[in-house]
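J.: Attaching a predicted model along with its sequence, questions to come.
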Amino acid sequence: MKELLREDRGLGTAYERHCLYQLIDAWAREFEIESLLEGPVDGMAGVAGVHGVGLAMQGIKVVSAVPTAEHAEITRAVYASCNAAAHVNVVVADETSLTTLPQSDMVICYHALSFVNHWQNYLADIAKLARKALVVAVCNPDNWGVTVMKSLARLKGHRNAGPPQEWHTEDLAPELWRIGRVKQHTYFDCPWWPDLPAFDRADAYAGRSVKGRLKKMLIRRSGDASRLADKFVYGPDRWPYFGGPGWRDELMPALLKHPCFEGAPGKIQKRTAHLHAFVVDVRPRTPQKRRRLATVKVP
């Protein structure tokens with residue numbers, strides 16, 4: 001179960017969240033989404049269950065599944081702070097209760113596959129809830145920081161060290177093609193620093209990545225911990241991603257100055273991106289299947 005995180009902390013997390021919100025908005029427009037389901041497993045190193053905030057602000061129906069009542073309280077507060085509470089239903093669920101969740105036009109499976117018991121089974125089950133599109137995001141195993149980590153591990157004698165199977169396109173893509181048509185494969189969250197995702201599941205799920213530990217160490221050494229303690233901390237009382245408090249005075253200026261490779265050629269994005277996402281079109285492919293689906297929907 002994911003550790004209860006009440007806030008997004010740090011510019012790295014804020015940058016990832018900002019990139020993801022833009023992608024979700026674009027995908028929703030492309031597929032003409034009228035409903036969204038996110039969760040119940042969410043590997044974001046920040047507040048859980050709030051990927052649909054931007055769509056809910058537009059009046060799109062969102063169901064957000066989170067693991068505990070405490071998570072649900074924080075999630076509802078974030079939606080309420082963005083005037084989106086009327087369009088979200090926050091429910092408590094886990095990977096064993098997927099059948100209790102409603103079908104939606106788009107389903108977001110965000111960095112979840114490393115934190116479930118059988119990722120292929122979870123993927124197949126969560127896909128059944130998507131009517132139009134399934135979005136699956138995982139860490140990018142081709143990130144150059146991952147390569148550094150793997151090399152260091154091998155120097156220490158860990159011959160099999162490396163990213164888990166479900167991060168790799170060659171392992172994940174065949175499973176996705178069984179579900180539908182993979183329409184997009186997108187690299188995102190491409191900062192200038194080398195991203196170093198933890199290979200340890202517990203550390204990663206709790207939001208304690210290798211990168212985060214290194215940054216904390218550097219802050220302590222520089223003596224800037226007290227100065228940076230209150231910067232880029234976003235939660236229910238301050239959610240700046242859509243122009244709210246903290247956007248103009250803090251997050252927007254930082255993003256404008258933030259070196260990144262989001263607009264770089266694909267080969268550079270592949271080496272710098274923290275995450276990559278697959279958008280799977282699950283709509284019926286043939287007229288016969290579309291007619292059959294219509295019959296099921298309207299007896």
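T.: Thanks, I have it.
J.: Only C-alpha atoms from now on, for both contacts and neighbour counts.
T.: OK.
J.: Shouldn't D249 be within a helix?
T.: Yes. The assignment for D249 (DSSP: H, G, I helix; E, B strand; the rest coil) places it in a helix.
J.: ok, F232 - how many residues close by?
T.: 21 (other CA atoms under 10 Å).
J.: Same question for the one 5 residues further on.
T.: D237 has 14 neighbouring residues, counting by other CA under 10 Å.
J.: Without its sequence neighbours, what residue ends up closest to it?
T.: Leaving aside its sequence neighbours, D237 sits nearest to S81 (CA to CA, 6 or more residues apart in numbering; 6.8 Å).
J.: list the contacts for the one you found?
T.: P236, D237, R238, W239 (CA atoms under 8 Å, 6 or more residues apart in numbering).
J.: Can you tell me how far it is from T272?
T.: 33 Å (CA to CA, to the nearest Å).
J.: circling back: okay, the residue nearest to D237: pLDDT?
T.: Per-residue confidence (pLDDT) for S81: 97.
J.: Hmm, C109 is touching A133, no?
T.: No. Using CA atoms under 8 Å, C109 makes no contact with A133, being 10.9 Å away.
J.: before we move on, the earlier item: from the contacts of S81, list the buried ones, please.
T.: P236, R238, W239 (16 or more other CA atoms under 10 Å).
J.: now the first one, nearest residue through space, not along the chain?
T.: It refers to P236. P236 sits nearest to V78 (CA to CA, 6+ apart), 4.3 Å away.
J.: secondary structure element for the one you found?
T.: helix 69-81 (DSSP states H and E).
J.: residues contacting the residue nearest the centre of the chain?
T.: Central residue of the chain (CA atoms, centre = their mean): Y110, 3.7 Å from the mean position. With contacts defined as CA under 8 Å, 6+ apart, Y110 is in contact with G39, V41, D42, G43, M44, V135, V136, A137, V138.
J.: Among the residues you listed, which lie within strands?
T.: Counting by DSSP state E, the part of the contacts of Y110 found in strands is V135, V136, A137, V138.
J.: could the residues you listed go into TSV alongside distance to F261 and pLDDT?
T.: TSV is the format used below for the ones in strands among the contacts of Y110 (distance: CA to CA, whole Å; pLDDT from 0 to 100):
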residue	distance to F261	pLDDT
V135	22	98
V136	21	98
A137	18	97
V138	18	95
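J.: Tell me the buried residues within those.
T.: Buried among the ones in strands among the contacts of Y110 by 16+ other CA under 10 Å: V135, V136, A137, V138.
J.: out of the residues you listed, who's nearest R285?
T.: Top of the list for closeness to R285, among those and by CA to CA, is V135 at 18.1 Å.
J.: thinking the closest one is in contact with H276, fair?
T.: No. The pair V135 / H276 is not scored as a contact, 10.5 Å apart, by CA under 8 Å.
J.: ok now do the nearest residue to E16 once chain neighbours are set aside, which residues does it touch?
T.: Spatial nearest neighbour of E16, chain neighbours left out: D189 (5.2 Å); criterion: CA to CA, 6+ apart. With contact set as CA under 8 Å, 6+ apart, D189 has these partners: Y15, E16, C19, L20, E262, A273, H274, L275.
J.: Can you list which of those residues are found in helices?
T.: Y15, E16, C19, L20 (DSSP state H).
J.: what's the straight distance from one end of stretch 138-146 to the other?
T.: First-to-last residue span, stretch 138-146, CA to CA: 13 Å.
J.: how much distance is there from it to the middle of the chain?
T.: Relative to the centre of its chain, stretch 138-146 is centred 15 Å away, using CA atoms, centre = their mean, to the nearest Å.
J.: need the buried ones among the contacts of S81 in a markdown table with pLDDT, can you?
T.: What follows is the buried ones among the contacts of S81, written out as a markdown table (pLDDT from 0 to 100):
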| residue | pLDDT |
| --- | --- |
| P236 | 95 |
| R238 | 95 |
| W239 | 97 |
